[in-house]
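K.L.:
Next one to model:
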Amino acid sequence: MKTGVAKTGVVALLKGGKPGPVVALRADMDALPVKEPAGLPFASKQKGKHLGREVDVMHACGHDAQPRS
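P.N.:
The predicted structure is shown next:
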């Protein structure tokens, strides 16, 4: 295991007991100083510190997607 990747990241290699396909897993636990639109059932209600101020935060990376109807 390697810790401290990009300050707070962790990289680990899990080896199974049998040969076969490989699965990659990525899990994000970060938040950006962004306020989500009101009224969304999944909207973040969390607060965090950014540049010394308390701000709304959410996980807002580009690979997240919301299906459109």
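K.L.:
What is the burial count for residue 33?
P.N.:
16 (other C-beta atoms under 10 Å). Glycine gets a C-beta too; all of them are placed from N, C-alpha and C.
K.L.:
and the gap between it and residue 26?
P.N.:
22 Å (C-beta to C-beta, to the nearest Å).
K.L.:
Could you do residue 46 as well?
P.N.:
Residue 46 is 21 Å from residue 26, by C-beta to C-beta.
K.L.:
which residues touch residue 31?
P.N.:
44, 46, 48, 57-60 (C-beta atoms under 8 Å, 6 or more residues apart in numbering).
K.L.:
quick one: the strands in the protein?
P.N.:
2-5, 9-11, 47-50, 53-56 (DSSP state E).
K.L.:
ok, the contacts of residue 31 vs residue 19, which is closest?
P.N.:
Distance to residue 19 across these (C-beta to C-beta) is lowest for residue 59, with 35.2 Å.
K.L.:
need the contact list for that closest one.
P.N.:
With contact taken as C-beta under 8 Å, 6+ apart, residue 59 is in contact with 28, 30-32, 44.
K.L.:
Arrange these in JSON lines, one row each, with pLDDT and distance to residue 52 as further columns.
P.N.:
Shown next, in JSON lines, are the contacts of residue 59 (pLDDT from 0 to 100; distance: C-beta to C-beta, whole Å):
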{"residue": "28", "pLDDT": "69", "distance to residue 52": "24"}
{"residue": "30", "pLDDT": "73", "distance to residue 52": "19"}
{"residue": "31", "pLDDT": "79", "distance to residue 52": "16"}
{"residue": "32", "pLDDT": "85", "distance to residue 52": "16"}
{"residue": "44", "pLDDT": "88", "distance to residue 52": "21"}
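K.L.:
Output the residues you listed as JSON lines; include the columns distance to residue 5.
P.N.:
Below are these laid out as JSON lines (distance: C-beta to C-beta, whole Å):
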{"residue": "28", "distance to residue 5": "13"}
{"residue": "30", "distance to residue 5": "13"}
{"residue": "31", "distance to residue 5": "18"}
{"residue": "32", "distance to residue 5": "19"}
{"residue": "44", "distance to residue 5": "24"}
